[in-house]
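Asks: What follows is a predicted protein model with its sequence.
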Amino acid sequence: MLASHGARRVAVYCGSAPGSNSAFLDQARALGSEIARAGLGMVYGGASVGLMGAVADAALEGGAEVIGVLPEVLSGSEIAHRGLTRLEVVKTMHARKARMVHLADGFLILPGGYGTLDELMEIVTWKQLRLHAKPCVLINTGGYWNGLLAFLDTAVESGFLKAENRRLLDVAGDAEEAVAKVAQSAANPAAG
């Protein structure tokens, strides 16, 4: 269990699809279990499908508090997870992202598509702008994010991203390492 002054809840950004590799679902489940085992709560996009549903279900099974934040545009669909600790419905996608940031003490990013990439880039940009100092950890399951990481290195080499800002996005190989990095950052805020 993390100290009470440290991280209490992490946001998880990930796909609403399961992906084509079973390792993606396996790591989503492992992440939910690790979050619960660490005594953390979780906030995420509120869906019951894909990696989103898998990570939420595993966290709930482990006894974690799980808060979903769903925009109204998706609330009428069948994807809303009905078994959460709390499901909040907000007006817009922008409101969803802002609410998740408000509720979270750190950010863990699993594989996903445009939405996940949008959330990832926004939260790291906010960290670069010093709007927060919370850990941002990319979980590179099966090398999924290798192309993005190579691009970020190219951005540094090309002079569009400072090397110290490149380091604002931490990388973990799996769920256990990612949760440990959030715990380490909470214990040592200067590292985050």
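Replies: Now that the structure is in, tell me what you want to look at.

Asks: Show me what the least confident helix or strand in the chain by mean pLDDT is packed up against.
Replies: Ranking every helix and strand in the chain by mean pLDDT, DSSP states H and E puts helix 72-75 at the bottom, with a mean of 82. Helices and strands touching helix 72-75, by 3 or more C-beta pairs under 8 Å, 6 or more residues apart in numbering; DSSP states H and E, are strand 86-90. C-betas here are computed from N, CA, C, even on glycine.

Asks: so after the strand it packs on, what's the next helix or strand?
Replies: The element immediately downstream of strand 86-90 (helix or strand, assigned by DSSP states H and E) is helix 93-103.

Asks: any idea how far that next one is from the chain center?
Replies: Per C-alpha atoms, centre = their mean, to the nearest Å, the displacement of helix 93-103 from the mean C-alpha position of its chain is 12 Å.

Asks: Okay, now the sheet partners of the next helix or strand after that helix, with direction.
Replies: As assigned by DSSP H and E, the chain's next helix or strand after helix 93-103 is strand 106-109. If you go by DSSP bridges, strand 106-109 pairs up with strand 9-13 (parallel), strand 136-139 (parallel).

Asks: Can you tell me what sits against the least confident helix or strand of the chain?
Replies: Here helix 72-75 makes contact (C-beta atoms under 8 Å, 6 or more residues apart in numbering) with 46-47, 80, 89-93.

Asks: list the buried ones in it?
Replies: For helix 72-75, the neighbour count (16 or more other C-beta atoms under 10 Å) marks L74 as buried.

Asks: Just the C-alphas of that helix, formatted as PDB.
Replies: Presented in PDB, the C-alpha positions along helix 72-75 are these (Å, rounded to 0.1, in the frame of the first residue of the first chain):
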ATOM      1  CA  GLU A  72     -22.800  12.000 -22.800                       C
ATOM      2  CA  VAL A  73     -22.300  11.100 -26.500                       C
ATOM      3  CA  LEU A  74     -21.300   7.500 -25.400                       C
ATOM      4  CA  SER A  75     -23.600   7.200 -22.400                       C
END
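
Asks: So which residues of the protein form helices?
Replies: 22-37, 50-61, 72-75, 93-103, 114-128, 146-157, 163-166, 175-187 (DSSP state H).

Asks: Need the pLDDT of the residue nearest to V182 when sequence neighbours are not counted.
Replies: Excluding its sequence neighbours, the residue lying closest to V182 (C-beta to C-beta, 6 or more residues apart in numbering) is G106, at 4.2 Å. G106 is assigned 96 on the pLDDT scale.
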